[in-house]
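Engineer: sequence? don't have it. structure:
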């Protein structure tokens with residue numbers, strides 16, 4: 001059974017959402033959580049599928065969750081998720097932006 005993930009945002013960081021959009025994930029707002037991206041991804045773990053959860057966390061501006069998310073580094077940028085997305089939300093682009101954002105935030 002998959003681990004449940006609470007869906008109620010505890011803190012919305014609108015600055016994070018704006019920054020993610022500026023980095024190139026401007027289509028993430030099209031995502032309606034169908035789960036296609038996680039199903040077609042050849043790298044997603046069974047118990048912690050991505051990029052679906054990252055899409056909702058980014059939409060909600062959940063900075064803490066996104067900054068602690070190691071799954072962004074499991075993505076190989078194959079873009080199967082973006083190719084199969086029925087809304088063209090480009091989840092692969094979001095995963096690339098998250099890696100960039102994490103590097104910018106944590107690199108010295």
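Structural biologist: Structure received. What you see is a predicted model, and the numbers here were worked out from it, not measured in a lab.

Engineer: the lengthiest helix in the chain: which residues count as buried?
Structural biologist: For the chain, the helix with the greatest residue count under DSSP state H is helix 91-106. Along helix 91-106, these residues count as buried under the neighbour rule (16 or more other Cβ atoms under 10 Å): 91, 92, 93, 94, 95, 96, 97, 98, 101, 102. For every residue, glycine as well, the C-beta is placed using N, CA and C.

Engineer: show me what contacts the most centrally placed residue in the chain?
Structural biologist: When Cα atoms, centre = their mean is applied to the chain, the residue found nearest the centroid is residue 54 (2.6 Å). If a contact means Cβ atoms under 8 Å, 6 or more residues apart in numbering, then residue 54 has 66, 69, 71, 72, 91, 94, 95, 98 as its contacts.

Engineer: report the inter-axis angle for the worst-scoring helix or strand of the chain on mean pLDDT versus helix 91-106.
Structural biologist: Lowest mean confidence among the helices and strands of the chain (mean pLDDT, DSSP states H and E): helix 14-23, at a mean of 76. Between helix 14-23 and helix 91-106, the angle formed by their directions is 120 degrees, by axes from the mean of the first three to the mean of the last three Cα atoms, to 10 degrees.

Engineer: packing partners for the following helix or strand past helix 14-23?
Structural biologist: Using DSSP states H and E, the helix or strand that follows helix 14-23 in sequence is helix 36-40. Contact here means 3 or more Cβ pairs under 8 Å, 6 or more residues apart in numbering; DSSP states H and E; on that basis helix 36-40 packs against helix 52-60, helix 80-84.

Engineer: and the contacts of the shortest one?
Structural biologist: By that I understand helix 80-84. With Cβ under 8 Å, 6+ apart as the test, helix 80-84 has contacts from 36-38, 40-42, 51, 88-93, 95.

Engineer: swap in 10 Å and give it another go.
Structural biologist: Outside helix 80-84, the residues that touch it by Cβ atoms under 10 Å, 6 or more residues apart in numbering are 27, 36-44, 50-52, 55, 75, 88-95.

Engineer: quick one: contacts of stretch 20-36?
Structural biologist: Stretch 20-36 is contacted by residues 7, 13, 17, 19, 37, 49, 51-56, 58-59, 61, 66, 80-82, 84-98, 100-101, 104 when judged by Cβ under 10 Å, 6+ apart.
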